[in-house]
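Participant: What follows is a predicted protein model with its sequence.
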Amino acid sequence: QLRIHIGAALNVGLTREEIIEAILHASVYAGFPRALNATFVAREVFTERDAAD
């Protein structure tokens, strides 16, 4: 589900930096391990986008 939301965020114009900042901001509420996992998912999505381009 997170992959879909990150992809949608990129589609509507958010930058990669903004997405990572939002994840880091959420770490205070969701916990650092979950935010770290979300960061890894975001990097995978970014890599897939780069490969597709």
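Facilitator: Here it is on my side, so go on. Numbering: from 1, shown residues only.

Participant: alpha carbons only for contacts and neighbour counts from here, please
Facilitator: Noted.

Participant: Next up, the contacts around residue 18.
Facilitator: For residue 18, the contact set (Cα atoms under 8 Å, 6 or more residues apart in numbering) is empty.

Participant: where along this protein do the helices fall?
Facilitator: Along the chain, counting by DSSP state H, helices occupy 2-11, 16-30, 32-52.

Participant: mind giving me CSV with those and columns for mean pLDDT?
Facilitator: Below are the helices of the chain laid out as CSV (pLDDT from 0 to 100):
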stretch, mean pLDDT
helix 2-11, 97
helix 16-30, 97
helix 32-52, 96
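
Participant: Grab the nearest non-local neighbour of the residue nearest to the spatial centre of the chain.
Facilitator: Central residue of the chain (Cα atoms, centre = their mean): residue 42, 3.4 Å from the mean position. Closest residue to residue 42 apart from its sequence neighbours, by Cα to Cα, 6 or more residues apart in numbering: residue 6 at 6.7 Å.

Participant: Quick check, pLDDT for residue 53.
Facilitator: On pLDDT, residue 53 comes in at 80.

Participant: Phi, psi for residue 15 please.
Facilitator: Residue 15 has phi and psi values of phi -90, psi 160 when expressed as degrees, to the nearest 10.
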